[in-house]
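Chemist: Predicted model and sequence follow; I will ask about them next.
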Amino acid sequence: MARVIHTGQALVDEVVEIPALPWRGDNSMATSHHRYAGGATNILVASARTGAASVHAGAHGKGPNGDLIRAAMQEEGIEVSSPVVDDIDTGICFVMIEPSAERTFVTTMGAERLISVESLQTSNPQPGDLVHVTGYSLVVRSSRKPLLEWLESLPEGVIVLLDPGAAFSALPAPVRQRMLALTTVWTSNGDEAYQLTMERDMKTAAAAAAEHLPGGAVAIVRDGREGCAVHVDGQTHLVPGYPQKPVDTNGAGDCHAGVLSAEYITGGDWVEAARRANAASALKVTRRGPATAPTRAEVDAFLAEWERTH
């Protein structure tokens with residue numbers, strides 16, 4: 001069975017809900033506080049709940065943060081392939097959520113950055129597997145250098161999916177070009193695609209993003225409630241969204257990427273995979289917490305009800 005293998009950072013999300021972001025030097029009183037397994041966990045939970053064998057090849061720390069993440073992955077049947085890093089715990093992402101469901105992040109760095117070619121290779125990718133890369137892994141040299149070297153050693157037939165994140169556009173041009181040359185699937189939100197293509201329309205941006213990738217690559221651009229655009233086999237398809245009233249958008253893009261990946265490697269095509277990923281992320285934004293992707297059965301039920309009522 002083909003697998004979804006994530007190489008990025010699994011962090012603990014320290015989440016507070018606040019009435020509004022404070023002015024610089026001011027204070028805002030939180031109305032709630034929770035600790036969740038987040039980061040790469042979000043994508044892998046989404047792929048596992050969709051029915052794909054899921055593996056985390058990134059680094060894990062020794063301590064309460066690392067323990068929380070490994071417990072969450074074990075509960076979902078996600079394999080952790082790399083050994084635990086001694087003497088340092090996993091980092092934290094501080095997440096502030098406003099009433100609009102918009103979220104703001106501040107991230108620390110810990111054991112999750114201490115990857116190597118050898119630790120990544122514990123996942124043993126095979127043709128047909130999908131390797132998920134986040135642009136945040138390319139920000140610092142300690143994770144950038146081994147990740148790129150390892151990606152360049154992968155056997156032919158391994159799918160490399162890049163979720164660039166906001167960090168990708170600020171990377172040095174040679175790093176961006178090296179990563180894009182290895183990418184067989186680009187999936188991003190509209191702002192991230194704009195930084196690459198200077199195109200705002202998601203359909204135009206998806207086609208333009210594909211021009212930066214190797215021949216035959218797929219490019220997907222999301223636009224929240226509007227859905228996404230999928231450029232595949234020389235054609236660009238608009239895949240409508242399923243608008244919902246959001247309560248928490250933290251992890252919505254991760255949910256989309258995880259379901260998209262799992263749907264494709266378990267036998268779907270990219271357009272159908274995107275349709276189901278749109279539905280899954282629509283459900284996710286109605287739930288609090290980052291790793292709250294729906295199951296395959298829940299997506300089936302949501303789509304059936306949507307078709308009945310629209």
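Modeler: Good, I have the coordinates.

Chemist: show me where the stretch 1-150 of the chain has helices.
Modeler: Taking DSSP state H, counting those that start in this stretch as the criterion, the stretch 1-150 of the chain contains helices spanning 40-50, 64-75, 117-121, 141-151.

Chemist: Show me what the third one is packed against.
Modeler: Under the contact criterion of 3 or more Cβ pairs under 8 Å, 6 or more residues apart in numbering; DSSP states H and E, the helices and strands touching helix 117-121 comprise helix 141-151. C-beta coordinates here come from the backbone N, C-alpha and C atoms, glycine included.

Chemist: buried set for the helix it packs on?
Modeler: For helix 141-151, the buried set under the neighbour-count rule, 16 or more other Cβ atoms under 10 Å, comprises 143, 144, 146, 147, 148, 150, 151.

Chemist: what's the answer for stretch 103-121, then?
Modeler: In stretch 103-121, counting by 16+ other Cβ under 10 Å, buried: 103, 107, 109-116, 119-121.

Chemist: Name the nearest of those relative to residue 234.
Modeler: For these, the residue nearest residue 234 by Cβ to Cβ is residue 120; the value is 32.6 Å.

Chemist: Using CSV, write out every CA atom in the host helix or strand of residue 274.
Modeler: If you go by DSSP states H and E, residue 274 is part of helix 270-284. Written as CSV, here are the backbone C-alpha positions of helix 270-284 (Å, rounded to 0.1, in the frame of the first residue of the first chain):
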residue,chain,number,x,y,z
TRP,A,270,-6.3,14.8,-8.4
VAL,A,271,-9.6,16.6,-9.2
GLU,A,272,-11.7,14.2,-7.2
ALA,A,273,-9.1,14.2,-4.4
ALA,A,274,-9.4,18.0,-4.3
ARG,A,275,-13.2,17.9,-4.2
ARG,A,276,-13.1,15.6,-1.2
ALA,A,277,-10.3,17.7,0.4
ASN,A,278,-12.5,20.8,0.0
ALA,A,279,-15.4,19.0,1.8
ALA,A,280,-13.1,17.8,4.6
SER,A,281,-11.6,21.2,5.2
ALA,A,282,-15.1,22.7,5.3
LEU,A,283,-16.0,20.3,8.0
LYS,A,284,-12.7,20.9,9.9
